[in-house]
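**Student:** sequence isn't available, so here's the structure alone:
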Ligand SMILES: O=C(CO)COP(=O)(O)O
């Protein structure tokens with residue numbers, strides 16, 4: 001099935017008010033060169049979502065958060081609920097990023113609850129999976145990704161409310177990427193898992209690749225079968241680089 005690609009930028013813990021200039025610049029590029037080949041999203045730090053939302057009104061750029069709590073509100077100092085992200089103008093939220101799995105000990109079960117919270121708030125959950133360097137060396141990549149999918153997907157997943165991001169941990173921020181064959185193998189495996197679990201609905205869930213995607217390697221990675229877009233870290237911080245990745249899908253002007 002042909003699914004509309006999504007290219008999402010994850011700013012991680014980067015971005016002050018001055019960084020919004022990059023969003024203005026990205027919005028202008030997309031306006032000057034209207035682009036309808038892929039959906040475009042930026043996930044800035046939560047502090048910038050509301051302002052970004054105001055700035056981006058009328059552009060094709062959607063917004064996402066980078067994490068959410070499982071509860072709607074309550075005594076959880078420092079946390080942000082999916083409803084709060086939606087209230088600030090987000091359309092989606094990343095859950096289960098490997099940096100949160102590592103830094104905050106997040107488990108598959110917690111990530112499934114966070115994804116369910118995203119759905120409850122009307123947000124698309126972008127659920128991240130991916131093996132570590134040792135797991136790849138040990139030849140257990142598919143087993144690990146399968147286990148993460150099994151544990152991290154809540155009930156009720158479909159192509160409208162969920163995106164899967166395959167991000168090999170060792171490829172994040174390192175400049176390293178898996179071979180094209182390895183990317184294809186994992187993406188086909190994820191698609192198989194989704195269709196086995198969800199039937200036809202599993203066909204429309206987008207599967208993004210993430211890990212050192214940049215303008216120079218995007219064309220090759222995004223052309224891989226079952227790669228339905230990218231989750232971009234470092235290269236999403238600069239409008240020129242991010243637009244360079246998007247432009248891989250072609251411009252209609
Ligand atoms: O973790 C990532 C996106 O979520 C990928 O980060 P880099 O593109 O900087 O490798």
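**Tutor:** Yep, that arrived. Just so it is clear, the structure is predicted and the values come from calculations on it, not from any experiment.

**Student:** from what I see, residue 83 and residue 72 are in contact.
**Tutor:** Yes: between residue 83 and residue 72 there is a contact at 5.2 Å, judged by Cβ atoms under 8 Å. All C-beta atoms are positioned from the backbone trio N, CA, C, and that covers glycine.

**Student:** these two: which has the busier surroundings?
**Tutor:** Higher neighbour count among residue 83 and residue 72: residue 83, with 19 against 12, using other Cβ atoms under 10 Å.

**Student:** which other helices and strands contact the host helix or strand of that one?
**Tutor:** Under the criterion of DSSP states H and E, residue 83 resides in helix 82-88. If you count contacts as 3 or more Cβ pairs under 8 Å, 6 or more residues apart in numbering; DSSP states H and E, helix 82-88 packs onto helix 46-55, strand 61-65, helix 108-120.

**Student:** nearest to the ligand, of those?
**Tutor:** Nearest to the ligand, of all the helices and strands packed on helix 82-88, is strand 61-65, at 10.6 Å by Cβ to the nearest ligand atom.

**Student:** are that closest one and the ligand in contact anywhere?
**Tutor:** No: applying Cβ under 6 Å from any ligand atom, one finds strand 61-65 separated from the ligand by no less than 10.6 Å.

**Student:** partners of that strand, with directions?
**Tutor:** strand 39-43 (parallel), strand 92-95 (parallel) (DSSP bridges).

**Student:** so which residues make contact with stretch 129-146?
**Tutor:** 96, 98, 148-149, 152, 164-171, 182, 185-186, 189-190, 193, 210-211 (Cβ atoms under 8 Å, 6 or more residues apart in numbering).

**Student:** mark which of those residues are buried, thanks.
**Tutor:** Neighbour-count burial (16 or more other Cβ atoms under 10 Å) applied to these gives 96, 98, 148-149, 152, 164-171, 185-186, 189-190, 193, 210-211.

**Student:** out of these, which sit inside strands?
**Tutor:** Judged by DSSP state E, strands contain the following of the buried ones among the contacts of stretch 129-146: 164, 165, 166, 210.

**Student:** so what's the residue of the chain found nearest the ligand up against?
**Tutor:** Distances between the chain and the ligand by Cβ to the nearest ligand atom are smallest at residue 233, namely 2.2 Å. Residues in contact with residue 233, defined by Cβ under 8 Å, 6+ apart, are 9, 10, 12, 172, 173, 210.

**Student:** dump those to TSV, plus distance to residue 198 and pLDDT.
**Tutor:** Formatted as TSV, the contacts of residue 233 follow (distance: Cβ to Cβ, whole Å; pLDDT from 0 to 100):
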residue	distance to residue 198	pLDDT
9	27	98
10	25	98
12	30	98
172	27	98
173	31	98
210	22	98
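
**Student:** just the buried ones from these, in ChimeraX syntax?
**Tutor:** To isolate the buried subset of the contacts of residue 233 in ChimeraX, counting by 16+ other Cβ under 10 Å, use the following:
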select :9,10,12,172,210
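
**Student:** of the contacts of residue 233, which belong to helices?
**Tutor:** Judged by DSSP state H, these include no members of helices.

**Student:** so which of the contacts of residue 233 reach the ligand?
**Tutor:** Among those, the ones lying near the ligand by Cβ under 6 Å from any ligand atom are 10, 172, 173, 210.

**Student:** same list (those) but as CSV, adding distance to residue 238.
**Tutor:** What follows is these, written out as CSV (distance: Cβ to Cβ, whole Å):
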residue, distance to residue 238
10, 14
172, 18
173, 15
210, 17
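
**Student:** run the chain-centre distance for the helix or strand of the chain with the lowest mean pLDDT.
**Tutor:** None of the helices or strands of the chain scores lower by mean pLDDT, DSSP states H and E than helix 20-32, at a mean of 94. Relative to its parent chain, helix 20-32 has a centroid offset of 20 Å by Cα atoms, centre = their mean, to the nearest Å.

**Student:** again, but for stretch 57-71
**Tutor:** Chain-centre distance of stretch 57-71: 11 Å, with Cα atoms, centre = their mean.

**Student:** what comes up buried for that stretch?
**Tutor:** By neighbour count on 16+ other Cβ under 10 Å, the buried set for stretch 57-71 is 61, 62, 63, 64, 65, 66, 67, 68, 69, 70.
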